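Engineer: no sequence for this one, just the structure:
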């Protein structure tokens with residue numbers, strides 16, 4: 001039985017992970033959960049699963065959480081310090097990092113330094129600190145298990161294969177809600193339209209990233225670090241049905257693909273139970289009902305964020321950090337109705353070209369770039 005901690009247990013990935021844990025009670029002992037602000041759902045989860053540690057990152061909700069749960073049966077942690085403390089708790093065998101955005105990077109590094117295997121849903125960790133994380137994984141002899149459906153698919157396709165015999169990795173993407181929308185109509189896209197993903201049920205931030213296709217750009221960078229594959233060997237194909245989750249092409253021209261219904265429970269469970277494929281009810285794919293699978297080239301004019309991501313990993317250094325941080329801030333502003341849809345890609349491009357480039361990045365540099373980017377945005381949008 002594995003001791004498990006879920007960071008971000010009230011979000012889309014976190015709640016689905018708890019369903020996986022509930023379905024495989026003999027496999028897991030849940031010892032810790034965390035949320036940012038949703039103390040009511042966090043308290044409900046604590047009462048159902050009885051973890052030893054319960055963390056609310058927003059200090060303003062600590063008192064409310066304690067009023068609901070008390071302190072007799074739980075160790076209540078709070079604030080950023082509480083989250084970081086939980087991420088270093090080596091009572092756990094594996095930590096699922098389901099946090100959203102840049103704030104998830106430091107907990108990933110903490111867990112690795114503490115000798116804990118990480119099931120990683122927080123793609124921003126590798127986008128901003130890929131080289132640092134790879135070195136820490138080596139130093140501490142722990143593993144990183146991908147939770148993104150695309151990277152889980154690649155991981156499964158590469159099992160038992162020789163990396164030197166790979167021609168390319170093919171990341172698939174649905175194309176999001178605006179795949180067929182005319183670029184001339186992008187200026188008037190509303191938040192409601194951007195949040196209507198055709199295939200996947202995800203959190204708001206990730207859904208917006210899917211609509212701009214920044215998620216695919218970030219996944220290219222993440223795949224580069226996860227699988228030690230040069231960026232020029234990572235391509236993107238639009239696959240509207242979201243049945244093939246990604247593919248690997250080998251030197252002899254053969255292609256391996258991982259298929260499944262579009263449900264995050266499958267990659268979540270595989271990351272947590274690796275190397276076992278355990279039963280997951282209701283997850284069977286019927287190809288006869290699917291009938292056809294379609295593929296398209298991504299439109300880099302409509303979806304500028306993909307090209308910006310390729311530029312960022314090609315330039316390296318501070319570029320991926322700025323790409324990620326600026327996207328986080330801009331998506332939050334869009335969700336709060338403070339900017340227009342096209343402000344997201346256009347401002348990212350602007351700030352990438354205006355920031356002072358740093359070649360060799362360390363954690364202090366990343367923290368500096370976070371502060372610098374926030375201040376730049378405040379001045380630009382008069383916040």
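Structural biologist: Arrived safely, thanks for sending. These figures come from a predicted structure and were not determined experimentally.

Engineer: From now on I want contacts and neighbour counts done on CA atoms only, so please keep to that.
Structural biologist: Will do.

Engineer: mind listing the helices for the stretch 101-250 of the chain?
Structural biologist: 105-113, 124-140, 149-158, 191-194, 204-212, 214-227 (DSSP state H, counting those that start in this stretch).

Engineer: distance between the shortest one and the chain's centre?
Structural biologist: Offset of helix 191-194 from its chain centre (Cα atoms, centre = their mean, to the nearest Å): 21 Å.

Engineer: which parts of that helix are buried?
Structural biologist: 191, 194 (16 or more other Cα atoms under 10 Å).

Engineer: Packing partners of it?
Structural biologist: helix 204-212 (3 or more Cα pairs under 8 Å, 6 or more residues apart in numbering; DSSP states H and E).

Engineer: Out of the helices of the stretch 101-250 of the chain, which gets nearest to residue 69?
Structural biologist: helix 105-113 (24.8 Å; Cα to Cα).

Engineer: Could you list every helix and strand in contact with the closest one?
Structural biologist: helix 79-87, strand 94-97, strand 117-120, helix 124-140.

Engineer: so what's residue 147 closest to, chain neighbours aside?
Structural biologist: The shortest distance from residue 147 to any non-neighbouring residue, by Cα to Cα, 6 or more residues apart in numbering, is to residue 121 (4.9 Å).

Engineer: From what I see, that neighbour and residue 95 are in contact.
Structural biologist: No: using Cα atoms under 8 Å, residue 121 is not in contact with residue 95, being 10.6 Å away.

Engineer: neighbour-wise, which of the two wins?
Structural biologist: residue 95 (29 against 24; other Cα atoms under 10 Å).

Engineer: bridging residues for that one?
Structural biologist: residue 5, residue 118 (DSSP bridges).

Engineer: ok, back up a step: tell me which of the helices and strands packed on helix 105-113 is the most buried.
Structural biologist: When those are scored by mean count of other Cα atoms under 10 Å, the highest mean neighbour count falls to strand 94-97 (a mean of 28).

Engineer: mean confidence score for that one?
Structural biologist: Strand 94-97 shows a mean pLDDT of 98.

Engineer: just checking, what packs against that strand?
Structural biologist: strand 2-7, helix 105-113, strand 117-120.

Engineer: now do 6 Å
Structural biologist: strand 2-7, strand 117-120 (3 or more Cα pairs under 6 Å, 6 or more residues apart in numbering; DSSP states H and E).

Engineer: Which stretch among those strands approaches residue 333 most closely?
Structural biologist: Of all the helices and strands packed on strand 94-97, it is strand 2-7 that lies closest to residue 333, at 23.8 Å by Cα to Cα.

Engineer: who are the neighbours in contact with residue 14?
Structural biologist: Applying Cα atoms under 6 Å, 6 or more residues apart in numbering, we find residue 14 in contact with 8, 98.

Engineer: in a strand, that's where it is, yeah?
Structural biologist: No: counting by DSSP: H, G, I helix; E, B strand; the rest coil, residue 14 is not found in a strand; it is helix.

Engineer: All set now, cheers.
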